[in-house]
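Trainee: Compute the structure for the input listed below.
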Amino acid sequence: MLEIYVDADGCPVKEETYRVAGRYGLKVWLVANHWLRAPESPLIEKVVVEEGLDRADDWIAERIGTGDIAITSDVPLADRCVKAGARVISGQGRPFTENSIGNDLAMRNLMTGLREAGEITGGGRPMNRQDRSRFLQELDRAVQAIRRTGR
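Mentor: I've put the predicted structure just below:
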């Protein structure tokens, strides 16, 4: 059965994910390092992992597989999920794919190096309506594709 795994710490599109999952009757796993507020629903499961680097990522990567969807902006986690056969979508609606993940990892590493060197300061741009719309479209597209093909 298709399940959605959300890297929930800092995820900006949880509400949108609940809406799409509810429409299709899909299980959502919210995985975080701390307790999160979420609607009471048999389709939404909250998982609080132990404190520690990448514990939520590890929990997701150990369980996700072909025919599942991951919601994350964490590129190394996206890489692990893509390799497990899952579809992966960032909070801004950008899919991570087998064809793009190598470049995504290289860009992430470059940007990390530039930030550490002090060349780049500040964070990314805030979410906007177009990002939310793009996310909803991409999540719906992924669900439909999995339902058609099983992966």
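Trainee: Next, the buried residues of the least confident helix or strand in the chain by mean pLDDT.
Mentor: When each helix and strand of the chain is scored by mean pLDDT, DSSP states H and E, helix 101-116 comes last, with a mean of 80. By neighbour count on 16 or more other CB atoms under 10 Å, the buried set for helix 101-116 is I101, D104. From N, CA and C alone the C-beta is placed, and that goes for glycine too.
Trainee: Show the secondary-structure elements that the next helix or strand after it is packed against.
Mentor: Using DSSP states H and E, the helix or strand that directly follows helix 101-116 along the chain is helix 129-149. In this structure, helix 129-149 packs against helix 14-24, strand 69-71, strand 87-89, with contacts taken as 3 or more CB pairs under 8 Å, 6 or more residues apart in numbering; DSSP states H and E.
Trainee: most packed of the ones you listed?
Mentor: Compared across these, strand 69-71 shows the largest average neighbour count, a mean of 28 (mean count of other CB atoms under 10 Å).
Trainee: gap between it and the chain center?
Mentor: Centroid separation for strand 69-71 versus its chain: 4 Å, with CA atoms, centre = their mean, to the nearest Å.
Trainee: Ok, stretch 65-83 next?
Mentor: 7 Å.
Trainee: Can you give the contact residues for it?
Mentor: Outside of stretch 65-83, the residues within contact range by CB atoms under 8 Å, 6 or more residues apart in numbering are 2-7, 10-11, 13, 17, 54, 57, 60-61, 64, 84-92, 96-98, 101, 104-105, 108, 139, 142-143, 146, 150-151.
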